[in-house]
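>>> Give the three-dimensional model of this entry:
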Amino acid sequence: MTRRLMLLDTASLYFRAYFGVPDSVRAPDGTPVNAVRGLLDFIARLVQDHRPDDLVACMDADWRPAWRVALIPTYKAHRVAEEAPEAGGVDQEEVPDTLSPQIPVIDEVLDAIGIARVGAADYEADDVIGTLTGRAAGPVDIVTGDRDLFQLVDDERGVRVLYPVKGVGTLRLVDESYVREKYGVGGSGYADLALLRGDPSDGLPGVPGIGEKTAAKLLAAHGDLAGIMAAVDDPAAQLTPAQRKRLAEARAYVEVAPKVVRVAADVALPAFDAALPRSPRDPGAVAALAERWGLGGSLRRLLSTLQG
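From the prediction side, this is the model:
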């Protein structure tokens with residue numbers, strides 16, 4: 001039987017939970033646990049509504065990998081709270097003060113329940129998702145608030161994105177028809193569109209003067225990024241003088257941007273069991289965490305949903 005895989009872009013989801021659940025939701029000692037409880041409620045709803053056979057919480061072992069920064073130094077630069085003190089270290093991301101302490105709690109709770117958490121040194125969660133999507137033998141649901149992962153949408157393989165549009169309560173199902181209607185390209189063309197257009201939220205400059213609609217038209221006319229750049233060098237190709245000039249001037253950026261924008265598909269990952277747990281891996285730890293952090297109904301609902 002073909003198994004349905006669900007991949008969580010965990011950081012994207014706990015950020016949304018943090019901002020979507022009031023910070024008045026607190027542990028007995030007064031520590032905010034809104035992100036923890038919001039994430040648990042969200043996972044419970046996802047399992048209830050979509051019934052995956054396998055579930056993986058994909059993690060950012062490195063949210064701003066040095067190899068991406070080396071190619072495009074502005075990559076996520078505006079989100080750095082503190083640079084790594086030594087070469088090879090990980091820059092500290094700007095995270096709200098009351099969210100940071102909740103992240104280790106999320107890790108502990110997921111581990112105690114038995115939901116696989118998977119990350120890889122020097123890679124982002126997006127890269128883990130790209131690698132696991134490529135390996136999957138069956139349909140894949142990617143749950144993320146990051147449009148970058150629209151590049152993985154593939155109707156033929158049953159790969160779709162479940163995109164939160166309001167907090168974590170409402171999801172938009174993103175398939176090939178949605179991507180094409182919204183952006184003028186299919187899933188496989190989204191990365192090229194994004195690097196041409198640029199993305200201020202990730203510090204990607206894009207090609208000056210080439211917006212989303214122009215990028216889509218160029219891709220429709222020339223097939224892909226390589227085709228567009230080949231047209232720049234072909235005087236007979238259908239490009240306006242301004243487009244030809246802008247693309248030629250951005251050639252150095254265009255040469256390196258694909259490696260930054262496209263998710264990795266060949267990350268070496270540790271061994272893990274993706275099967276959806278029906279009962280907690282460590283019931284004692286679950287009970288202790290529930291009491292320590294006042295996880296109450298959120299944890300009970302998730303455990304009940306997992307039991308089916």
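>>> ok, and for stretch 19-36, which residues are buried?
For stretch 19-36, a neighbour-count test (16 or more other Cβ atoms under 10 Å) marks 20-21, 25-27, 32-36 as buried. (C-beta placed from N, C-alpha, C; glycine too.)
>>> check contacts around residue 139.
Residue 139 makes contacts with 2, 4-5, 157-160, as judged by Cβ atoms under 8 Å, 6 or more residues apart in numbering.
>>> From these, pick the one nearest residue 254.
Residue 254 has its nearest neighbour among these in residue 159, at 26.4 Å by Cβ to Cβ.
>>> which stretch of helix or strand covers residue 269?
Using DSSP states H and E, residue 269 maps to neither a helix nor a strand.
>>> ok so, going back, in helices only, show me the buried residues of stretch 19-36.
In this view, these that belong to helices under DSSP state H are 20, 34-36.
>>> ok, of the residues you listed, which one's closest to residue 306?
Nearest to residue 306 among those: residue 36, at 16.8 Å, using Cβ to Cβ.
>>> circling back to that earlier point, and of the buried residues of stretch 19-36, the nearest to residue 129?
Distances from residue 129 to the buried residues of stretch 19-36, taken by Cβ to Cβ, are shortest for residue 35, at 20.2 Å.
>>> With adjacent residues omitted, what lies nearest to that closest one?
Nearest residue to residue 35, sequence neighbours excluded (Cβ to Cβ, 6 or more residues apart in numbering): residue 18, at 3.9 Å.
>>> What ranges in the stretch 1-150 of the chain fall below the confidence cut-off?
Along the stretch 1-150 of the chain, segments meeting pLDDT under 70 span 85-88.
>>> Spell out, range by range, the helices that occur in it.
For the stretch 1-150 of the chain, applying DSSP state H, counting those that start in this stretch gives helices covering 10-20, 34-50, 66-71, 102-113, 125-135.
>>> CA-only coordinates of the first one in CSV, if you can.
In other words, helix 10-20. What follows is helix 10-20, C-alpha atoms only, in CSV (Å, rounded to 0.1, in the frame of the first residue of the first chain):
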residue,chain,number,x,y,z
THR,A,10,8.6,23.2,11.8
ALA,A,11,10.0,26.6,12.4
SER,A,12,7.6,28.2,9.9
LEU,A,13,4.7,26.6,11.8
TYR,A,14,5.8,27.4,15.4
PHE,A,15,6.4,31.0,14.4
ARG,A,16,2.9,31.2,13.1
ALA,A,17,1.6,29.5,16.2
TYR,A,18,3.5,32.0,18.4
PHE,A,19,1.9,34.9,16.6
GLY,A,20,-1.5,33.3,16.3
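>>> Export the ones in helices among the buried residues of stretch 19-36 as CSV, with columns for distance to residue 207.
Shown next, in CSV, are these (distance: Cβ to Cβ, whole Å):
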residue, distance to residue 207
20, 35
34, 40
35, 37
36, 41
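>>> ok, back up a step: buried members of the contacts of residue 139 into PyMOL, please.
Filtering these down to the buried ones (16+ other Cβ under 10 Å) takes a single PyMOL command:
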select buried, resi 4+5+157+159+160
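>>> Need the contacts of residue 139 in TSV (columns: distance to residue 130).
Conversion of the contacts of residue 139 to TSV gives the following (distance: Cβ to Cβ, whole Å):
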residue	distance to residue 130
2	21
4	18
5	13
157	13
158	16
159	11
160	15
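>>> Among the contacts of residue 139, which are located in strands?
5, 159-160 (DSSP state E).
>>> between the helices of the stretch 1-150 of the chain, which gets nearest to residue 188?
Closest of these to residue 188 is helix 125-135, at 12.7 Å (criterion: Cβ to Cβ).
>>> Helix 10-20 and the closest one, what's the angle between them?
130 degrees (axes from the mean of the first three to the mean of the last three Cα atoms, to 10 degrees).
>>> Kindly format the C-alpha coordinates of helix 125-135 as PDB.
The C-alpha coordinates for helix 125-135 follow below in PDB (Å, rounded to 0.1, in the frame of the first residue of the first chain):
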ATOM      1  CA  ALA A 125      14.500  22.600   6.900                       C
ATOM      2  CA  ASP A 126      13.700  23.400   3.300                       C
ATOM      3  CA  ASP A 127      16.600  21.200   2.100                       C
ATOM      4  CA  VAL A 128      15.500  18.300   4.300                       C
ATOM      5  CA  ILE A 129      12.000  18.700   2.900                       C
ATOM      6  CA  GLY A 130      13.400  18.700  -0.700                       C
ATOM      7  CA  THR A 131      15.400  15.600  -0.100                       C
ATOM      8  CA  LEU A 132      12.600  13.700   1.600                       C
ATOM      9  CA  THR A 133      10.100  14.700  -1.100                       C
ATOM     10  CA  GLY A 134      12.500  13.400  -3.800                       C
ATOM     11  CA  ARG A 135      12.900  10.100  -2.000                       C
END
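>>> For it, give me every contacting residue.
5, 7, 9-12, 56, 58-60, 118-120, 140, 142, 144, 146, 148-149, 152, 159, 262-267, 269.
>>> This completes my enquiry, with thanks.
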